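S.K.: How does the following fold in three dimensions:
(chains A and B)
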Amino acid sequence: MYKVRIRYEKRDKLAYISHLDLMKALQRAFLRAGLPVKYSQGFNPHINMSILAPLSTGHSSICELCDLELTEDELSADIVERLNAVLPEGLKVSGAWTPQSKASEIAYCAYDIVYFCKMDECISESFVSPVIIEKKSKRGSLQADVFDYIQAISFRDAPEGTLCSCVLKAGNDTLNPVYVTASLQQKGFIGSDVLAKYTRTHIFDKNCQDFV
Amino acid sequence: MDEKLLKCLDRVRKPARYTGGEYNSVVKDKKDIDIRFAFCFPEIYEIGMSHLGSKILYGLLNSMEGVWCERAYAPFIDMEEEMRKNGLPLYALESGDPLREFDILGFTLQYELNYTAVLNMLDLAGIPAFSAERGEDVPLVVAGGPCVYNAEPVADFFDVIMIGEGEESLPELIELYRRAKQEGWTKHAFLQEIAKREGMYVPSFYKMEYGSDGRLISVTPTNGAPPTVRKRVVSDFDSAYYPDRFIVPNTEIVFDRAMVELFRGCRRGCRFCQAGYTYRPIRAKRPETLERQAKAIIKNTGWDEVSLTSLSSSDYPCLSELCNSLVAEFEPKHVNLALPSLRADSFDLQLMENVQKVRKSGLTFAPEAGSQRLRDVINKNLREEDLLNACRVAFEAGYNGVKLYFMMGLPSEMDEDLLGISQIVKNVISVFREHARHKARGIRISVGISTFVPKAQTPFQWVGQISGDEVTRRQRLLIDSLKIKNVTYSLHRYDTSFLEAVLARGDRRLSAVIYSAWKRGCRLDGWDECFDAEKWRAAFEECGVDPAFYANRTLEKDEILPWDHILSGVTKSFLYGEYMQSLRGQATPDCKAGCRGCGALSLTGGTCDV
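M.R.: From the prediction side, this is the model:
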């Protein structure tokens, strides 16, 4: 048995598929690629796989991770090519390796957010703590300063309008990047109907090194 | 993707329905294409994408050189609102191009309550609803599908309606269109030429005359169109085109699985069933062909289930051999086999167990009526003993639930027939108490009861639907009798069954009503949250049309029916004979016991794989 970690992009049209749909899309691709996937035991056997740090529907990513169990003991060298030959456009594998760390060690994610509008030139100086948001989670909602979750944030001009790059807490106490947008709206830096496109660019460990 | 679409996608539920980009969807280079065809399904993505016929025709058209077939589905109400707000016209999923830029829009008509969705899709595409209002620069709008056996209610909306199997007619339509385009014909010239071809109905070429009592008194062809239009069929079904690269949806659809088609047609002759008559004659595929097709689809899609489809799977001659070899192939790969449409009288537990090695599904039977007398009237040749026997075998093997489907409002139905339904349910419970392997788990029975809708081209096409008050009374009777422990039941709402009956036996005066209903906001009428009986009532009133005239009236023997000029192959005299048999309470043995001479043999020149 062998466990493999697969890194892939999820973008363009495929950004709009949900977490469950993505699981299915990947499983079907594994089967089309003829990977020796391992099935769970029991009444309703399923492919043993998990997607790390689930992404919101509608958001893109160039750095998604998925762990998969294979029945063979060795990783075939062409797994990336085999998968890319059978993936729908918008999903693309960029690497596969033996997992080095546990999923619980994910600490931050980096995002690029494109706002389809120009912002105040001094946005970086004027968008500062505290910005109190109502953060919803499975356990209910809580009031928090959005900056407690922001490790780094910067703004610059982009062809569509403004590009915001940020590093946000992830893992146990995660912040969805839509709260950055909500905070900017709350402070009046952007209107409530401005189009925002999200792309996850990194998944980090606690030292802000790429999680592997 | 353009900014308007991005805006819409952020605000709707399940946006993956509207993006395309699925594995195996076909993207071609526009410079190699001279005919752009949009396959339009007037229902939402999850339903449209589950439809086998669309998959076959999509693959077939895309196998033609120079032709690019794309897909469009009806947006759900939230997406429609965003599209209208953002000025985004209806587009095809593959290219994202507006439908208005296409050569041909082909709608499939699967269900009468989809008609307003056709108009809504045309409107979202910026195309006039009535064919008479569409000029030379607008795509040709055509239709096919099971509803075309009486397409009169939508006659005013389509330029051409293709009767029968699209594998035969669509490529011919496209080739002629190509010639017309190259040679610069007018639309009228094209229609005149296509109307000469078999199975091609150009509704605008037929003049209808009505008597003072509202009945149709004559149908006159014009522009050289033939007096009748006969259904097209695939003669050599075994070697007919079948796709091996089904589109794999990116979001869950209703039937999210591979499908192979065992056979077309049905030898049973249930008198209410339109498909049972209009898909004749029976044509079967060889088991080797099916096995090869199933393997290819699974390999190319990664699906984990194959469904063996047909109108009555137990009637496939080599079913258990086929299942055995498919199970041997697929079980090690964790691919499940689904076997819908099984009959209780040929229920084979070993087959069922064999098929369901990977995942167990439920048990479903359709006795349709609660008494033997009524089952004889509708020619559902199923005896209660057979049903109870099938349940006993299944319960002994460990099943503890069953779904039963019935119809109410069937011709000659009496209260005792309805009460027979609850008696059958009670008998099934007794069988369970006596024979179940897991008695302690308890039994779960769910009973689904729909309201009978008379359909064109069936022996019951002459029969009127019972009135709304009577439906309500009988439904109450059913509800009271079905308050039994461990039994859940569901009844179809009456107002949609009534509308279905109006449209199923309507004539072309209903086009104006459908248009008016759409104008008032009706679309996706099959959805409870969309259906608005009040708007339809107002539409009938505005057009001065009495819906009861179509739904509830029992038609005369010598009456000209609005669909008489459309020939399904089964003759009107055969259907009438069957109707008379039903009035006498006589069943007709199925075709296996000998050919009944329905007439469908003439379509294939004598082939019928009974």
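S.K.: contacts and neighbour counts: CA atoms only from here.
M.R.: Will do.
S.K.: And the contacts of the longest helix seen in chain A?
M.R.: Taking DSSP state H as the criterion, chain A has its longest helix at helix A:19-32. If you take C-alpha atoms under 8 Å, 6 or more residues apart in numbering or on different chains as the criterion, helix A:19-32 is touched by A:37, A:47, A:51, A:54-57, A:83, A:86-87, B:250-252, B:299-303.
S.K.: are any of those buried, and which?
M.R.: The neighbour count (16 or more other C-alpha atoms under 10 Å in any protein chain shown) marks A:37, A:47, A:51, A:55-57, A:83, A:86-87, B:250-252, B:299-303 as buried among the contacts of helix A:19-32.
S.K.: now the longest helix of chain A, how far from the centre of its chain.
M.R.: On the basis of C-alpha atoms, centre = their mean, to the nearest Å, helix A:19-32 sits 17 Å off its chain's mean C-alpha point.
S.K.: what's around B:Leu499, how many residues?
M.R.: Number of residues near B:Leu499 (other C-alpha atoms under 10 Å in any protein chain shown) recorded here: 21.
S.K.: got a list of what B:Lys14 touches?
M.R.: B:Lys14 touches A:16-18, B:251, counting by C-alpha under 8 Å, 6+ apart.
S.K.: pLDDT score assigned to B:Gly48?
M.R.: If you check B:Gly48, the pLDDT there is 97.
S.K.: Setting aside sequence-adjacent positions, which residue approaches it most closely?
M.R.: B:Phe41 (5.8 Å; C-alpha to C-alpha, 6 or more residues apart in numbering or on different chains).
S.K.: And B:Pro98, by the same measure?
M.R.: Nearest residue to B:Pro98, sequence neighbours excluded (C-alpha to C-alpha, 6+ apart): B:Tyr91, at 4.1 Å.
S.K.: Does the one you found touch B:Gly126 like I think?
M.R.: No: between B:Tyr91 and B:Gly126 there is no contact under C-alpha atoms under 8 Å: 10.7 Å.
S.K.: Which one's more surrounded, those two?
M.R.: B:Tyr91 (23 against 15).
S.K.: where does that one sit relative to B:Leu105, distance-wise?
M.R.: Distance of B:Tyr91 to B:Leu105, given as C-alpha to C-alpha, to the nearest Å: 11 Å.
S.K.: Mind listing the shared neighbours of those two?
M.R.: With C-alpha under 8 Å, 6+ apart, B:Tyr91 and B:Leu105 have common neighbours B:Leu99.
S.K.: The residue nearest to B:Pro98 and B:Glu534: what is the separation?
M.R.: From B:Tyr91 to B:Glu534 the distance is 31 Å (C-alpha to C-alpha).
S.K.: So for stretch A:177-192, mean pLDDT?
M.R.: In the prediction, stretch A:177-192 has an average pLDDT of 95.
S.K.: what's the helix or strand for B:Val393?
M.R.: Following DSSP states H and E, one finds B:Val393 within helix B:384-396.
S.K.: Just list what that helix packs against, helices and strands only.
M.R.: Packing partners of helix B:384-396 (3 or more C-alpha pairs under 8 Å, 6 or more residues apart in numbering or on different chains; DSSP states H and E): helix B:415-435.
S.K.: angle of the helix it packs on against helix B:384-396?
M.R.: Inter-element angle recorded for helix B:415-435 and helix B:384-396: 30 degrees (by axes from the mean of the first three to the mean of the last three C-alpha atoms, to 10 degrees).
S.K.: Who are the packing partners of helix B:415-435?
M.R.: Looks like helix B:415-435 contacts helix B:384-396, helix B:468-481 (3+ C-alpha pairs under 8 Å, 6+ apart).
S.K.: Flag every residue of the stretch 101-250 of chain B that's near chain A.
M.R.: B:Asn250 (C-alpha under 8 Å from any C-alpha of the partner chain).
S.K.: tell me the contacts of whichever residue of the stretch 101-250 of chain B sits closest to chain A?
M.R.: Residue nearest to chain A within the stretch 101-250 of chain B: B:Asn250 (6.2 Å; C-alpha to the nearest C-alpha). Counting by C-alpha under 8 Å, 6+ apart, B:Asn250 touches A:14, A:17, A:21-22, A:25, B:16, B:22-23.
S.K.: Next: B:Lys403.
M.R.: B:362-365, B:445-448.
S.K.: how about 6 Å then?
M.R.: B:364, B:445-447 (C-alpha atoms under 6 Å, 6 or more residues apart in numbering or on different chains).
S.K.: Am I right that it falls within a strand?
M.R.: Yes: the assignment for B:Lys403 is a strand, going by DSSP: H, G, I helix; E, B strand; the rest coil.
S.K.: Roughly how far does it sit from B:Ala258?
M.R.: 24 Å.
S.K.: Check the secondary structure at the most far-flung residue of chain A relative to its centre for me.
M.R.: In chain A, the greatest distance from the average C-alpha position (C-alpha atoms, centre = their mean) is reached by A:Phe43, at 32.0 Å. When classified by three-state DSSP, A:Phe43 comes out as coil.
S.K.: how close does it sit to B:His334?
M.R.: 12 Å.
S.K.: Can you check which residues contact both of those two?
M.R.: Contacts common to A:Phe43 and B:His334, judged by C-alpha under 6 Å, 6+ apart, are absent.
S.K.: Show me where chain A has its helices.
M.R.: In chain A, the segments counted as helices under DSSP H are A:19-32, A:79-84, A:123-126, A:178-186.
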